[in-house]
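Participant: Provided below are the primary sequence and the corresponding predicted coordinates.
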Amino acid sequence: MSKQENVSIAPAEGKLGIMTVGCGAVATTFIAGVEAIKRGLGLPIGSLTQLATIRLGKRTEGRSPRIKDFVPLAGLEDLVFAGWDIFEDDAYEAAKNAGVLENSLLDNLKEPLTAFKPMKGVFDQDYVKRLHGTHIKEGRSKMEKAEMVMQDIEDFRKSSGASRLVIIWCGSTEVFHKPVAIHQTLADFECGLQKNDPDIAPSQIYAYAALKMGVPFANGAPNLTLEAPALLELARERQVPICGKDFKTGQTFMKTLIAPGLKARMLGLTGWFSTNILGNRDGEVLDDPGSFKTKEETKLSVLDQILQPNLYPELYKNFHHCVRINYYPPRGDAKEGWDNIDIFGWLGYPMQIKIDFLCRDSILAAPVALDLVLFLDLAQRAGMKGIQEWLSFYFKAPMTAPGLYPEHDIFIQLMKLKNTLRWMRGEDLITHLGLEYYD
Ligand SMILES: NC(=O)c1ccc[n+]([C@@H]2O[C@H](COP(=O)([O-])OP(=O)(O)OC[C@H]3O[C@@H](n4cnc5c(N)ncnc54)[C@H](O)[C@@H]3O)[C@@H](O)[C@H]2O)c1
């Protein structure tokens with residue numbers, strides 16, 4: 001079946017409240033960017049929801065509306081922002097400290113940015129070793145802190161007059177953790193919150209609070225947050241869409257562009273060495289081995305899944321894959337990522353590809369954050385709940401149904417995203433078969 005007639009999508013009426021956990025480089029670049037675009041001071045480059053078109057029907061029909069005209073998305077003028085951080089700086093100060101956007105632009109946006117004063121965060125030093133927050137909620141138990149977050153959500157809903165909310169984690173990467181018994185059922189998880197179980201991360205406290213309040217949640221960092229079966233259960237029970245994890249931006253974005261191309265041409269790989277320098281707060285946090293391990297896990301998984309060494313042992317068996325991140329303060333947010341890719345072709349003759357990507361991390365992440373909040377809001381209005389795999393396009397480690405491997409190939413991810421939008425609107429899915437043109 002290629003058509004779906006019955007998805008009814010509630011209109012995007014009223015304001016959409018966006019709550020960011022973390023008011024650092026990504027969050028402030030996203031918020032300041034939206035405010036700049038609203039004022040005609042810049043263009044939403046990198047955002048599919050704002051710029052991309054979607055082909056409908058046959059190639060001969062000439063129907064290619066913009067995505068934002070095809071599905072009912074919240075308009076940028078209807079977005080209002082709030083959030084949390086473990087430091088008190090308002091978004092203007094935080095954006096200046098992040099050093100991504102020019103001061104002259106930030107000065108033009110001083111009014112909306114100073115109005116964003118982060119609420120106190122839920123923090124646990126064991127989860128982010130390098131930060132020493134000063135703007136932190138005090139509570140006797142993790143459950144009490146979750147209730148405080150729920151109160152913050154409710155207060156923002158009322159004060160902003162927003163008709164709908166979305167929460168996005170733009171907080172620091174937490175140390176590597178695996179799901180344990182406490183994460184398995186909602187009852188156990190809630191018991192753990194009451195008992196201050198050390199295996200419940202701050203990010204999970206926010207996620208729990210969001211889901212309890214029926215608010216969609218996206219995880220932009222690699223930490224274990226929504227993957228706990230208890231939280232998946234809660235998302236389904238409350239009919240809330242969720243997605244994660246880890247924004248796909250610099251080097252992994254490049255990897256998921258190039259690896260599918262090598263595989264498409266059946267070219268082999270003996271090794272892929274990736275190294276980065278970056279000097280922002282994210283880089284400082286990732287300098288801690290526990291936080292780096294979380295990042296490394298998501299970065300490493302990509303190539304194995306795309307190249308499928310089990311299906312193509314003569315091309316991809318045992319390739320070496322190393323990822324390094326080096327904290328180097330002089331660069332700030334202007335990261336540089338190098339890739340050395342050792343490949344082989346016809347008769348096994350070796351070749352090399354070198355990439356030197358002088359990227360700006362948060363400039364790449366901001367449109368991703370924008371698209372995610374707009375699409376999660378759309379999903380909720382369309383009655384879609386639980387993991388939104390069609391948003392894999394935006395993530396380094398896309399969440400999938402348990403037991404299903406994630407799709408990392410960016411072109412498959414894009415097709416999936418667009419076909420989901422077509423399906424929502426009852427349009428034919430596009431298979432690229434195209435035999436009808438030759439009948
Ligand atoms: N392109 C990118 O920049 C990119 C790509 C993929 C993933 N990420 C991830 O996105 C996240 C944000 O990146 P960034 O560059 O903005 O980092 P950042 O360090 O500039 O900002 C993170 C902010 O989160 C705050 N924070 C930490 N723990 C918190 C808590 N428990 N509650 C509330 N606030 C908390 C910090 O104080 C900081 O202000 C990081 O986890 C990063 O790994 C970023």
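Facilitator: Ah, there it is.
Participant: So which bits of the stretch 301-439 of the chain are right by the ligand?
Facilitator: For the stretch 301-439 of the chain, the residues in contact with the ligand (CB under 6 Å from any ligand atom) are 361-362, 364-365. Glycine gets a C-beta too; all of them are placed from N, C-alpha and C.
Participant: can you pull the pLDDT of K396?
Facilitator: K396 is assigned a predicted lDDT (pLDDT) of 92.
Participant: I'd like to know how many residues surround it.
Facilitator: When neighbours are defined as other CB atoms under 10 Å, K396 has 27 of them.
Participant: State the distance from it to A95.
Facilitator: Here the criterion is CB to CB, to the nearest Å. By it, K396 lies 24 Å from A95.
Participant: which residues of the stretch 1-150 of the chain fall in helices?
Facilitator: Using DSSP state H, counting those that start in this stretch, the helices assigned to the stretch 1-150 of the chain run over residues 25-38, 48-51, 67-70, 91-98, 103-108, 110-115, 142-160.
Participant: still on that earlier bit, which of the residues of the stretch 301-439 of the chain next to the ligand sit farthest apart?
Facilitator: Across these, the longest distance by CB to CB is 7.3 Å; it joins S362 and L364.
Participant: Which one of those two is surrounded by more residues?
Facilitator: Remark: of S362 and L364, S362 carries more neighbours, 29 against 18, as counted by other CB under 10 Å.
Participant: which residues does that one contact?
Facilitator: S362 sits next to 25-26, 29-30, 98, 100, 280, 333 when contact means CB atoms under 8 Å, 6 or more residues apart in numbering.
Participant: could you redo the last one with a cut-off of 7 Å?
Facilitator: 25-26, 29, 98, 100, 333 (CB atoms under 7 Å, 6 or more residues apart in numbering).
Participant: How about G271?
Facilitator: Residues in contact with G271 (CB under 7 Å, 6+ apart) are 319-320, 342.
Participant: try 8 Å this time
Facilitator: Applying CB under 8 Å, 6+ apart to G271 gives the contacts 319-322, 340-342.
Participant: And D361, by the same measure?
Facilitator: By CB under 8 Å, 6+ apart, the contact list for D361 reads 25-26, 249-250, 278, 280, 282, 333, 335.
Participant: now R157
Facilitator: Taking CB under 8 Å, 6+ apart as the test, what R157 contacts is 17, 165.
Participant: how much space between it and the ligand?
Facilitator: According to CB to the nearest ligand atom, to the nearest Å, R157 stands 19 Å off from the ligand.
Participant: Tell me the confidence at that residue?
Facilitator: Here the pLDDT value assigned to R157 is 98.
Participant: Report pLDDT for S2.
Facilitator: pLDDT, S2: 48.
Participant: now F253
Facilitator: For F253, pLDDT reads 91.
Participant: Thank you kindly, that will do.
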